[in-house]
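Enquirer: Generate coordinates for the sequence data below:
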Amino acid sequence: MDARLLVLVLDEVIPPTADGRLPGAGTLGAGAIVQQAASGTPGLEPLLTQGLAALQDIARRSDAGGFAALSRRARIEALQELERANPALLPTLLTFACVAYYSSEQVLIALNGDARPPHPKGYAMEDGDLSLLDPVRARGKIYREC
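Expert: Just a heads-up that it's a prediction; the model follows:
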């Protein structure tokens, strides 16, 4: 998998903010996490490798320098063409990119989040009305033991 191309693509999929507060996903390092996930997920690595190669081919029709040499607008057009040809690729890539991006401490802090896991500290939850479960409890057991 072309790591340099993946970084450029991730920066288009989740671009940096104009004010510079948040980096793009590629610049942040989400590419390494995506590559790690791809190597451990059956079928994902070939999907990404072949998809990135197809994107580079699309880009080279516009500029011999490939995706890296394209303008931002041309990159978006190349990604749109790739999406038409391979509709599963970009949503799959975006899913892994979002997981990597929004679990980054830098992003969480910039979004005024708490850069910590939800457990063991946990989050406060307001008490609910557990009487709403009474109809379910009244039904009794409707499952079988395994």
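Enquirer: List the contacts of the residue nearest the centre of the chain.
Expert: Central residue of the chain (C-alpha atoms, centre = their mean): residue 97, 2.3 Å from the mean position. For residue 97, the contact set (C-beta atoms under 8 Å, 6 or more residues apart in numbering) comprises 10, 13, 14, 25, 30, 34. Where C-beta positions appear, they are placed from N, C-alpha and C, glycine not excepted.
Enquirer: Now list the buried members of the residues you listed.
Expert: Among the contacts of residue 97, those classed as buried by 16 or more other C-beta atoms under 10 Å are 10, 13, 14, 25, 30, 34.
Enquirer: circling back to that earlier point, list the buried residues in the helix or strand harbouring the residue nearest to the centre of the chain.
Expert: Using DSSP states H and E, the element containing residue 97 is helix 89-102. Counting neighbours by 16+ other C-beta under 10 Å, one finds that the buried residues in helix 89-102 are 89, 90, 92, 93, 96, 97, 100, 101.
Enquirer: how about the buried ones among the contacts of residue 97, which pair is most distant?
Expert: 14 and 34 (11.3 Å; C-beta to C-beta).
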